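Enquirer: no sequence on hand, only this structure:
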């Protein structure tokens, strides 16, 4: 009888963790679709940004928004204010705030971001 109670207890814990995880997942924002940034002249290829690859294990939109990047409504076109430049990244702005070679991979491999 003791083994049965232990099994029921473990099953209850697993169920509670599963339900708790599902409840937390419902509180997470729906991530935007991929964002393909406009390719500038001389660029080795367009940059496609994926929110999912930047979320990490603890999703938190405020890591980047609105400090590094403004939040634009879906369907809004790329504007001059939204343009990302290597000059800004080298100053630790925009992508360069994390992609500095220490926090995240640096700018030494063009194909990490620019893809054909």
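Expert: Received it, and whenever you're ready, just let me know what you need. Since we're looking at a predicted model, the values are computed, not measured.
Enquirer: contacts and neighbour counts: CA atoms only from here.
Expert: Noted.
Enquirer: quick check: end-to-end length of stretch 107-116?
Expert: Using CA to CA, to the nearest Å, the span of stretch 107-116 from its first residue to its last is 17 Å.
Enquirer: what's the answer for stretch 63-70, then?
Expert: Stretch 63-70 end-to-end distance (CA to CA) = 12 Å.
Enquirer: if we go by neighbour counts, what in it is buried?
Expert: Neighbour counts over stretch 63-70 (16 or more other CA atoms under 10 Å) mark 64, 69 as buried.
Enquirer: and the nearest residue to residue 69 once chain neighbours are set aside, what does it touch?
Expert: Leaving aside its sequence neighbours, residue 69 sits nearest to residue 94 (CA to CA, 6 or more residues apart in numbering; 6.6 Å). Taking CA atoms under 8 Å, 6 or more residues apart in numbering, we find residue 94 in contact with 68-69, 84, 88.
Enquirer: likewise for residue 52?
Expert: Counted by CA under 8 Å, 6+ apart, residue 52 has contacts residue 31.
Enquirer: now do the phi/psi pair for it.
Expert: phi -60, psi -40 (degrees, to the nearest 10).
Enquirer: mind checking how far it is from residue 67?
Expert: 19 Å.
Enquirer: please apply the same query to residue 106.
Expert: 20 Å.
Enquirer: noted, bye for now.
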